[in-house]
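Participant: Predicted model and sequence follow; I will ask about them next.
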Protein chains: 2
Amino acid sequence: MCDTTFCRRAAAGIVRRVLTVTSVNVNGLRAAGRKGFLPWLAATAADVVCLQEVRAEPDQLPDELRDPQGWHAYHAPAATKGRAGVSIYSRTAPTAVRVGFGSAEYDASGRYIEVDLPVGGTAAGLTVGSLYLPTGEAETERQDAKYRFMAEFRAHLDALHERAARTGGHALVCGDWNIAHQEADLRNWRGNRKSSGFLPEERAWLTDLLDPATGWTDVVRSLHPGVEGPYSWWSFRGKAFDNDTGWRIDYHMATPKLGAAAATAAVERAATYAERWSDHAPVTVTYTI
Amino acid sequence: MCDTTFCRRAAAGIVRRVLTVTSVNVNGLRAAGRKGFLPWLAATAADVVCLQEVRAEPDQLPDELRDPQGWHAYHAPAATKGRAGVSIYSRTAPTAVRVGFGSAEYDASGRYIEVDLPVGGTAAGLTVGSLYLPTGEAETERQDAKYRFMAEFRAHLDALHERAARTGGHALVCGDWNIAHQEADLRNWRGNRKSSGFLPEERAWLTDLLDPATGWTDVVRSLHPGVEGPYSWWSFRGKAFDNDTGWRIDYHMATPKLGAAAATAAVERAATYAERWSDHAPVTVTYTI
DNA sequence: CTTGAGAAG
DNA sequence: CTTCCCAAG
């Protein structure tokens, strides 16, 4: 059923060494399932898959998407039908699953789910979250809502970070953060300085979060410093994908030890190329823990 | 451009003798145009085509649908976008075009348009209308609205009939009347006795309209008495089309002389078969006038 | 089951 | 440009 390195070693009682995690905004899991998502899922080496923009109630999903064979699946749909929705598929059973992050405004909005996974040989464990940070719109109330979410979610990130430090465990928050951090994180940064997703306040929020002394690690950037992208989202409009006019807004944010344990990172642009089943591409990282 | 018998004779100054008229509910002209409607239009021998459920503003239609080469096209969209909408394509130029039938409630609802066409050698002429009678829903206000429409439209039919009788001209009202008249006009009449479209009051309204002494002629039935159907609409749900579980709700209703001049009638079930571009099939009649 | 509008992305 | 919802058919 599961024959990744991670699973084989786990089954053999060997301390786990390699964990592969993928994050992808599927832009409607039902639509993705009608295109190439299922072959992609069947072929992936990931042990954990974080999904965003599922846009369906679990009851609306066919079995192979709601509860795929070989995976433990958890869903946090939005109260509003057809909106947002995050999920996590894990090859191994979590010890806990939590929806939301203690926010009255956002816990039913289908924007955050996290699971605790056992790490072989340790009691501390690993928390993996799937985040879909709200899309904003500059100069509107929707941007204010995005800032409110960011403020509340930052408190949760601080709590995760503190707990990991205290227990010797790890935390990893994957997802669509809807913010490009630096100029290298989007093709047309000059034209987007006033666009939601690249506003100074948003960028500063990430800079603060990623403060090297105490903060989180942007895993893909830490493995690929000084390069353009790799982008993970391209608008469906125009020829954005063909011209690689993209944004890097899908991140793996890891606590320090886990970030340092990241071995490889890749944006699976090819995975969406043959038949493009989302406007985002999967972002896959291998961790040696 | 136009090489039907009707057009060739007209171009040669010969009194027109054969007129072919088609009526079809296209269930969204834009969608039909993306499927097989255009090849059908290119191949039809019709001189006049009456369309219902166009569901588009003229500005939203591509040129080949809004104003096709070789036709004079007239559109009566509904005030509410994406709803109803009737049109007429005519190979020859009308002498008049009228939208609605003098109803405050319904003239902007995209449910009736009529054109006056010259009939070679006579001053009287022919009025052809394209009608999309509202869909009802038994025991609801929508059924009351359907009855209101029927009552108002009956007055217009009476006026058309009276004028034809007085001037020696003809009138023909084609379209989706949304009522099956007799048991032979729908496959499952027993199960639909309480369904809008086959209610006793609706059937009686048609019976009165078709009173042989003074009324209108149901042209297809007059040419094909005593047969089941031919149906012209099949639900998209289930296997209705494959099983021919249909309704005959698309009619040519003609003033007496014109009804008597009908030579052939056919429901073009095959036209929608290769690629089904509507839930209705074209109903085509040839008139020798 | 299908269309088109509409909001969101 | 694409997703899904919804009302209508």
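Facilitator: On my side now, so go ahead.

Participant: can we go C-alpha only for contacts and neighbour counts from here?
Facilitator: OK.

Participant: shaky segments in chain A?
Facilitator: Scanning chain A with the threshold set as pLDDT under 70 gives A:1-16, A:121, A:271-274.

Participant: For it, what lies in contact range of DNA strand C?
Facilitator: Remark: the part of chain A in contact with DNA strand C comprises A:83-84, A:134-136, A:235-237, using C-alpha under 7 Å from any atom of the strand.

Participant: Swap in 10 Å and give it another go.
Facilitator: Residues of chain A found near DNA strand C, taking C-alpha under 10 Å from any atom of the strand as the criterion, are A:25, A:27, A:53, A:55, A:80, A:82-84, A:109, A:132-137, A:142-143, A:146, A:176, A:178, A:233, A:235-237, A:279-280.

Participant: Narrow those residues to just the buried residues.
Facilitator: For the residues of chain A next to DNA strand C, a burial check counting by 16 or more other C-alpha atoms under 10 Å in any protein chain shown picks out A:25, A:27, A:53, A:55, A:83-84, A:109, A:132-134, A:136-137, A:143, A:146, A:176, A:178, A:233, A:279-280.

Participant: Against DNA strand D, how distant is whichever residue of the stretch 151-289 of chain A sits closest to DNA strand C?
Facilitator: Checking the stretch 151-289 of chain A residue by residue against DNA strand C with C-alpha to the nearest atom of the strand singles out A:Phe236 as nearest, at 5.8 Å. A:Phe236 sits 5 Å away from DNA strand D when distances are taken as C-alpha to the nearest atom of the strand, to the nearest Å.

Participant: Help me confirm that that residue comes into contact with A:His280.
Facilitator: No. With contact defined as C-alpha atoms under 8 Å, A:Phe236 does not count as touching A:His280 (9.7 Å).

Participant: Show me where chain A has its strands.
Facilitator: Secondary structure of chain A (DSSP state E): strands at A:18-25, A:48-52, A:72-76, A:86-90, A:96-99, A:112-117, A:126-132, A:170-176, A:217-218, A:233-234, A:246-247, A:250-254, A:262-267, A:283-288.

Participant: Tabulate these (a markdown table), appending distance to B:Arg221.
Facilitator: Written out in a markdown table, the entries for those read as follows (distance: least, C-alpha to C-alpha, whole Å):
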| stretch | distance to B:Arg221 |
| --- | --- |
| strand A:18-25 | 57 |
| strand A:48-52 | 58 |
| strand A:72-76 | 58 |
| strand A:86-90 | 58 |
| strand A:96-99 | 64 |
| strand A:112-117 | 63 |
| strand A:126-132 | 61 |
| strand A:170-176 | 62 |
| strand A:217-218 | 75 |
| strand A:233-234 | 58 |
| strand A:246-247 | 62 |
| strand A:250-254 | 65 |
| strand A:262-267 | 65 |
| strand A:283-288 | 65 |
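
Participant: Now narrow the buried ones among the residues of chain A next to DNA strand C to whatever sits close to DNA strand D.
Facilitator: Restricting these to those touching DNA strand D (C-alpha under 10 Å from any atom of the strand) yields A:27, A:53, A:55, A:83-84, A:279.

Participant: Can you report how many residues lie near the closest residue to A:Leu160 other than its chain neighbours?
Facilitator: In space, not counting the residues next to it along the chain, A:Leu160 is nearest to A:Ala171; the distance is 6.5 Å by C-alpha to C-alpha, 6 or more residues apart in numbering or on different chains. For A:Ala171, the neighbour count with other C-alpha atoms under 10 Å in any protein chain shown is 28.

Participant: How about the contacts made by A:Ala171?
Facilitator: By C-alpha atoms under 8 Å, 6 or more residues apart in numbering or on different chains, the contact list for A:Ala171 reads A:126-129, A:160-161, A:164, A:254-255, A:258.

Participant: what does A:Phe149 give?
Facilitator: Neighbour list for A:Phe149: A:106, A:133-134 [criterion: C-alpha under 8 Å, 6+ apart].

Participant: Can you name the residue of the stretch 51-200 of chain A nearest DNA strand C?
Facilitator: A:Thr135 (5.0 Å).

Participant: what residues are up against the nearest residue to that residue once chain neighbours are set aside?
Facilitator: Leaving aside its chain neighbours, A:Thr135 sits nearest to A:Asn178 (6.2 Å; criterion: C-alpha to C-alpha, 6+ apart). Applying C-alpha under 8 Å, 6+ apart, we find A:Asn178 in contact with A:132-135, A:197, A:249-250.

Participant: any idea where the helices of the stretch 101-250 of chain A begin and end?
Facilitator: For the stretch 101-250 of chain A, the helices identified by DSSP state H, counting those that start in this stretch occupy A:141-167, A:200-209, A:219-223, in order along the chain.

Participant: The ones you listed: which one's closest to A:Ala46?
Facilitator: Closest approach to A:Ala46 among the helices of the stretch 101-250 of chain A is made by helix A:219-223 (16.0 Å; C-alpha to C-alpha).

Participant: which bits of the stretch 101-250 of chain A sit near DNA strand D?
Facilitator: Contacts of the stretch 101-250 of chain A with DNA strand D, taken as C-alpha under 10 Å from any atom of the strand, map to A:235-240.

Participant: Dump these into CSV; add distance to A:Met150 as well.
Facilitator: Putting these into CSV (distance: C-alpha to C-alpha, whole Å) gives the following:
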residue, distance to A:Met150
A:Ser235, 23
A:Phe236, 26
A:Arg237, 27
A:Gly238, 30
A:Lys239, 31
A:Ala240, 28
